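Undergrad: Just the structure for this:
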Amino acid sequence: MKRSILFAGTAFLAACTSSPANLGRMAGERIDFFAQAPDAPAEWKASGVAGKAPRGDWLSQFDDPVMTSLVSEALENNPSLKSRAATMRAAEAATRSARSAGRPSLGASLSAGGSSTGVKTATGTNRIDSELYGVGLDASWELDLWGRIGASVNAAEADFAASEADLAAAELSLAAQTAIAWINLNEALAQERVAELTYDARDRVRLLTERRFQRGLVDALDVRTARSALANAEATIATRRQITGETARRLEILLGRYPAAEIAASAEIPALGPLQPQGNPALLLSRRPDIAASEARIEAAGMRAESARLAMLPSFVLTGSLSTNETDLADAFDPELIAARLVANLTAPIFRGGRLDAQRDAAVAQAEAAVANYASTALSAWGEVENAVAADRYLADQEEAQARALEEARRAEELALRKYTTSGTLTIFNLIDAQTRRLTAESQLISVRASRATNRISYNIALGGGLPVRTASTETTPTEAAAE
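TA: You can find the predicted model right below:
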């Protein structure tokens with residue numbers, strides 16, 4: 001079964017021009033910007049199954065209280081997330097500003113001055129000075145006859161919804177980055193311990209070789225080879241410690257801490273069971289905050305295109321003003337005088353050099369871009385889930401095979417050490433090679449387990465995680481709540 005997903009938001013745009021012949025039919029033709037995403041299958045192709053809706057507590061499957069605690073700390077203290085939250089508050093303020101455009105505006109002024117008048121008398125000219133004070137009130141209100149202001153308000157509200165969804169997406173991304181950074185730190189510590197074990201193993205071979213050399217059982221080449229292998233192991237320890245420090249600092253930065261490489265970890269990689277696919281491709285579109293943001297931006301772009309079209313229609317504005325001074329204060333509030341000073345202005349654009357046409361065309365193009373961006377976001381979301389589902393299966397196979405390789409390498413190392421120590425039928429190169437195979441297998445097993453854990457995190461994030469998705473259709477904004 002396939003389900004076609006209609007994009008949220010329809011932009012009704014005008015196909016009119018600004019020529020005089022068209023001024024009588026400014027409404028123009030309506031263009032419906034409906035678009036369809038590629039057909040969504042009923043199940044994930046990489047697994048061939050569909051599951052129930054994903055759980056919200058995706059962190060619990062790792063059974064790691066420290067990981068959960070670190071994610072909470074990052075969500076509380078990360079500076080980038082605080083910046084994103086401030087951006088959302090700015091969008092909310094812009095929404096309130098857009099709403100105010102549909103309300104009357106009132107301004108007041110206060111003036112003070114003086115005048116001097118000459119009066120002729122029999123004895124000459126006398127000057128009379130007087131002080132003048134005035135109070136002025138100016139009011140205006142544009143009636144939203146065609147819905148242009150309302151469309152602008154709707155666009156601002158959609159921008160706010162997109163900003164909220166962006167914040168939810170940033171929270172989800174930060175949670176994933178923190179959890180992955182924690183896995184990476186434990187992997188780095190585990191690899192560092194393997195490097196230390198490598199050094200110990202190389203040192204034992206060196207001591208064994210030097211004793212055999214003293215008894216004349218091997219020559220100097222074996223001794224030099226064993227010492228060289230030991231020095232290489234020492235260099236590897238330094239490299240691994242550098243990686244551990246850098247990984248710890250990356251995690252501390254996510255947590256909002258000073259990057260001092262002081263965070264402690266256990267060097268344990270979580271053991272995971274088989275992946276149970278959750279949800280389906282169609283359900284994914286209702287869960288991902290980045291998709292919710294794309295939907296809101298389609299709506300915002302459509303409303304701006306509508307506002308640009310309606311800007312070509314006449315506007316009706318009521319204006320009024322009152323001014324007074326100390327001599328006619330009572331007359332200023334006479335109802336007949338107030339009515340006489342109330343002015344209604346009906347203005348219509350006739351020729352503005354094509355500016356309105358250009359603004360409308362730009363708004364249409366932006367709406368088309370928003371629809372295309374939604375399609376791209378949906379395809380990317382599906383791809384992330386499909387890749388993660390497929391990768392988990394392959395990584396599980398790798399982990400199983402690598403565990404077998406490690407077990408065989410350990411037995412081979414034991415045999416090589418026994419032959420080199422007792423019978424002398426094995427060279428130092430064979431022994432070091434057997435050791436290297438065992439240590440490499442152990443390191444690769446750690447890497448595969450860490451990759452599988454980070455892929456499992458990516459899988460849950462690709463499904464939309466468990467953090468709340470805030471959209472205009474599912475949550476009442478603080479301003480709306482206050483209005484109600």
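
Undergrad: give the contact list for A265.
TA: Taking C-beta atoms under 8 Å, 6 or more residues apart in numbering, we find A265 in contact with V66, W182, L185, N186, L189, A248. Where you see a C-beta, it was placed from the backbone N, CA and C, and this is true even at glycine.

Undergrad: Would you convert these into CSV that also reports distance to A226, neighbour count and pLDDT?
TA: CSV is the format used below for those (distance: C-beta to C-beta, whole Å; neighbours: other C-beta atoms under 10 Å; pLDDT from 0 to 100):
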residue, distance to A226, neighbour count, pLDDT
V66, 40, 15, 93
W182, 38, 29, 96
L185, 33, 26, 96
N186, 32, 25, 95
L189, 28, 22, 96
A248, 33, 22, 95
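
Undergrad: quick check, nearest of these to T440?
TA: Closest approach between these and T440, by C-beta to C-beta: L189, at 18.2 Å.

Undergrad: Helix or strand: which one has the closest one?
TA: helix 148-214 (DSSP states H and E).

Undergrad: again with N387
TA: Per DSSP H and E: helix 355-418 holds N387.

Undergrad: State the mean pLDDT of that helix.
TA: Averaged over helix 355-418, pLDDT sits at 87.

Undergrad: quick one: that helix to helix 148-214, angle?
TA: Angle, helix 355-418 to helix 148-214, by axes from the mean of the first three to the mean of the last three C-alpha atoms, to 10 degrees: 20 degrees.

Undergrad: Tell me which helix or strand comes right after helix 355-418.
TA: Using DSSP H and E, the helix or strand that follows helix 355-418 towards the C-terminus is helix 428-462.

Undergrad: rewinding a little: could you give the angle of the helix holding L189 to helix 428-462?
TA: On the basis of the same axes, to 10 degrees, helix 148-214 is oriented at 160 degrees to helix 428-462.

Undergrad: returning to that earlier point: can I get the contacts of A265 in TSV with distance to L145?
TA: Below are these laid out as TSV (distance: C-beta to C-beta, whole Å):
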residue	distance to L145
V66	61
W182	58
L185	62
N186	65
L189	69
A248	63
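
Undergrad: so which of the residues you listed would you say is closest to W58?
TA: W182 (14.2 Å).

Undergrad: Excluding chain neighbours, give the residue nearest to the closest one in space.
TA: M67 (5.1 Å; C-beta to C-beta, 6 or more residues apart in numbering).

Undergrad: Now for the one you found, how many residues are close by?
TA: Neighbour count for M67, taken as other C-beta atoms under 10 Å: 22.

Undergrad: ok, now how distant is the closest residue to R360 other than its chain neighbours from L272?
TA: Among residues not flanking R360 along the chain, A308 sits closest, at 4.3 Å (C-beta to C-beta, 6+ apart). In this view, A308 and L272 are 52 Å apart by C-beta to C-beta, to the nearest Å.

Undergrad: Neighbour count: those two, which is higher?
TA: Remark: of A308 and L272, A308 carries more neighbours, 25 against 18, as counted by other C-beta under 10 Å.

Undergrad: Which neighbouring elements make contact with the helix or strand hosting the more buried one?
TA: Taking DSSP H and E as the definition, one finds A308 inside helix 289-310. In terms of contacts (3 or more C-beta pairs under 8 Å, 6 or more residues apart in numbering; DSSP states H and E), helix 289-310 is packed against strand 12-13, helix 148-214, helix 355-418.

Undergrad: could the ones you listed go into JSON lines alongside distance to T225?
TA: Output for the helices and strands packed on helix 289-310, formatted as JSON lines (distance: least, C-beta to C-beta, whole Å):
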{"stretch": "strand 12-13", "distance to T225": "78"}
{"stretch": "helix 148-214", "distance to T225": "8"}
{"stretch": "helix 355-418", "distance to T225": "14"}
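
Undergrad: how about those, which one is nearest D57?
TA: It's helix 148-214; of the helices and strands packed on helix 289-310, that one is closest to D57 (C-beta to C-beta) at 11.8 Å.

Undergrad: Can you give the distance of the closest one from its chain's centre?
TA: Computed by C-alpha atoms, centre = their mean, to the nearest Å, the chain-centroid distance of helix 148-214 equals 17 Å.

Undergrad: go on, stretch 142-154?
TA: Counting by C-alpha atoms, centre = their mean, stretch 142-154 is centred 31 Å from the centre of its parent chain.
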